[in-house]
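# Structure of the sequence below:
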Amino acid sequence: MAKITKPLTNTEVKQAKAKEKPYKLFDGAGLVLKVRVNGSKSWLFMYKKPFVTKRAELVFGMYPSISLAEARELRTTANELLAKDIDPKEHKDKLNRQQQETLSNTFEQVAANWFQVKKTEISADYAKDLWRSLELHIFPALGKHPISKITAPLTIDVIKPIAAKGSLETVKRLTQRLNEIMNYAVNTGLIHASPLTGIKAAFKKPEKNNMPTLTPDQLPELMKTISYASIKIVTRCLIEWQLHTMVRPSEAAGAKWSEIDLDNNQWLIPAERMKKKRDHTVPLTKQTIELLERLQPISGHREYLFPADRDPKKHANESTANAALKRMGYHKKLVAHGMRALASTTLNEQGFDGDVIEAALAHVDKNEVRRAYNRAEYIERRRKLMYWWSENIEQAQTGELNKSNKGLKAVI
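Next up is the predicted model:
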């Protein structure tokens, strides 16, 4: 006849005293109270492991933190798991690991992991701006939250104050970045689905405004304004360099002397500084080489063509040209990036090959084979295009711009 264990009482548990050696009091069905020589008491669950019938024990916790009644509830749960051939200790360890993973996979940590991948696809300046926006607007409120606890209502509440200020472009960018981070979490197995897929619908769409730029016949007035403007030589050269080379503001501001190849009259911009993460070659013209000669005494001994005012070891801010244009009276009329649009419009009106113009603007051709072919073929055609564009700027600067002059169009 099987031995019947008499259940413990609260009094027995409470009054159990320490002895010279540790001992156990049995409550039945695997539940045991272990009393140590120092008087501490802990609840154990003793059982046979599924399948292998090897004896094992699971610590429930210390008495009185866990009462007799609570220990019995834990025993019931453990026996229910055993009935399903689930080892309760392994089950507990698994839950603990999951809990640790949940706590360690905070939104900020997951965002940092995502950013390590993302920044390989974008320029350094854009990456800096992207991460700064998260630090400023998102991490203070959501950074410490486990990624699995991020919800749409929670996130919308964080973004609402930004929308209330009318910063709808910022809202748009943030919702895009948040969705990218959550999709990364899905793809890396941290969550099953993104809860932020539709959050952009909670906010007004920003009004679509065309980038401020000028028409080709306004180029002479721009060049006149630049020539008379009270701005530093480096800033003036930066504006003209960007206008002649047709590059983006960040690419111009970060130009390095080591990228200049005067033997072949080329400016070689490495992939990591380009928006599309592809090397870009800019043929240098007589006018851009003259700009380099003007800069040589100022920054030729430094790393960057356009050193920053406060710290010449760093390059000028990409917004420097924008700020100067604004002070010159071009606020809402022209931005630095709009000079690319001015070049594109002028060259298209003059009948230049659209593919050559796109290559000069470093717009990526989606066809891999065609892109490889274009890189080799277009460089000389682009050299002629850049020559015409620089000549056109110089004519506008001297007041000799001839609108009917199509220069080298016929051979490009």
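
# Sketch out the low-pLDDT regions of the protein for me.
Within the chain, the ranges that satisfy pLDDT under 70 run 1-3, 101-103, 207-211, 364-377, 400-412.

# Could you rerun that using 50?
Along the chain, the model assigns pLDDT under 50 to residues 1, 369, 404-412.

# In it, which residue is most central in space?
F115 (4.5 Å; CA atoms, centre = their mean).

# what's the spacing between the residue nearest to A252 when sequence neighbours are not counted and A56?
Nearest non-adjacent residue to A252, counting by CB to CB, 6 or more residues apart in numbering: Q242, 4.1 Å away. From N, CA and C alone the C-beta is placed, and that goes for glycine too. The gap separating Q242 from A56 is 72 Å, by CB to CB, to the nearest Å.

# if you count what's nearby, which of these two comes out ahead?
Neighbours were counted for Q242 and for A56 using other CB atoms under 10 Å; Q242 has more, 24 against 14.

# which residues make contact with the strand or helix carrying that one from outside it?
Per DSSP states H and E, Q242 falls inside helix 233-245. Contact with helix 233-245 is made by 226, 229, 249, 252-253, 255, 267, 282, 285, 287-288, 291, 294-295, 298-299, 305-307, 316, 320-321, 324-325, 336, 339, 342-343, 386, 389-390, 393, as judged by CB atoms under 8 Å, 6 or more residues apart in numbering.

# Can you go through those residues and name the buried ones?
Burial by neighbour count, 16 or more other CB atoms under 10 Å: within the contacts of helix 233-245 this picks out 226, 229, 249, 252-253, 255, 267, 282, 285, 287-288, 291, 295, 298-299, 305-307, 316, 320-321, 324-325, 336, 339, 342-343, 386, 389-390, 393.

# so of those residues, which ones are in strands?
W267, V282 (DSSP state E).

# Just the ones in helices from the buried ones among the contacts of helix 233-245, please.
Applying DSSP state H to the buried ones among the contacts of helix 233-245, the entries found in helices are 226, 249, 252-253, 287-288, 291, 295, 298-299, 320-321, 324-325, 339, 342-343, 386, 389-390, 393.

# Which helix or which strand is home to the closest residue to the residue nearest to the centre of the chain other than its chain neighbours?
Nearest in space to F115, with sequence neighbours left out and distances taken as CB to CB, 6+ apart, is W131 at 6.0 Å. Using DSSP H and E, W131 sits in helix 124-137.

# Report the buried residues of that helix.
Across helix 124-137, burial judged by 16+ other CB under 10 Å covers D125, Y126, A127, L130, W131, L134, H137.

# Run through the neighbouring helices and strands of the helix or strand following that helix.
Remark: after helix 124-137, the chain's next helix or strand is helix 139-142, criterion DSSP H and E. If contacts are counted by 3 or more CB pairs under 8 Å, 6 or more residues apart in numbering; DSSP states H and E, helix 139-142 sits against helix 107-118, helix 152-164.

# now the longest one, how far from the centre of its chain.
What that stands for is helix 152-164. From the chain centre to the centre of helix 152-164 is a distance of 20 Å (CA atoms, centre = their mean, to the nearest Å).

# buried ones in that helix?
T155, I156, I159, I162, A163.

# export those to JSON lines and tack on distance to F107?
JSON lines is the format used below for the buried residues of helix 152-164 (distance: CB to CB, whole Å):
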{"residue": "T155", "distance to F107": "9"}
{"residue": "I156", "distance to F107": "15"}
{"residue": "I159", "distance to F107": "14"}
{"residue": "I162", "distance to F107": "17"}
{"residue": "A163", "distance to F107": "20"}
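
# What is the nearest of these to Q15?
T155 (54.3 Å; CB to CB).

# Now the strand or helix carrying R177: buried residues?
According to DSSP H and E, R177 maps onto helix 168-187. By 16+ other CB under 10 Å, the buried positions in helix 168-187 come out as 170-175, 177-185.

# tell me what it is packed against?
Helix 168-187 packs on helix 107-118, helix 124-137, helix 152-164, going by 3+ CB pairs under 8 Å, 6+ apart.

# Apply 6 Å and report the result again.
Applying 3 or more CB pairs under 6 Å, 6 or more residues apart in numbering; DSSP states H and E, one finds that helix 168-187 makes contact with helix 107-118, helix 152-164.

# How about S194: what's its closest non-neighbour residue?
Nearest one to S194, counting by CB to CB, 6+ apart, is M182 at 3.8 Å.

# pretty sure the one you found contacts H192?
No. Here M182 does not reach H192: they are 11.2 Å apart, not a contact under CB atoms under 6 Å.

# residues near the residue nearest to K21 when sequence neighbours are not counted, how many?
Sequence neighbours aside, V37 is the residue nearest to K21 in space, at 6.7 Å (criterion: CB to CB, 6+ apart). A count of nearby residues for V37, using other CB under 10 Å, gives 11.

# Can I take it that V37 is in a helix?
No. Counting by DSSP: H, G, I helix; E, B strand; the rest coil, V37 is located in no helix; its state is coil.

# Quickly note the distance from it to L25.
For V37, the distance to L25 - CB to CB - is 15 Å.

# Next: K41.
Distance from K41 to L25, by CB to CB: 9 Å.

# Show residues contacting the helix holding R177.
Contact with helix 168-187 is made by 110-111, 114, 137, 147, 159, 162-163, 191, 194, 196, 199-200, 203-204, 206, as judged by CB atoms under 6 Å, 6 or more residues apart in numbering.

# what about burial for the residues you listed, which qualify?
Taking 16+ other CB under 10 Å as the criterion, what is buried in those is 110-111, 114, 137, 147, 159, 162-163, 191, 194, 196, 199-200, 203.

# Sort out which one of those lies nearest I86 for me.
When the buried ones among the contacts of helix 168-187 are ranked by distance to I86 (CB to CB), I191 comes first, at 24.7 Å.
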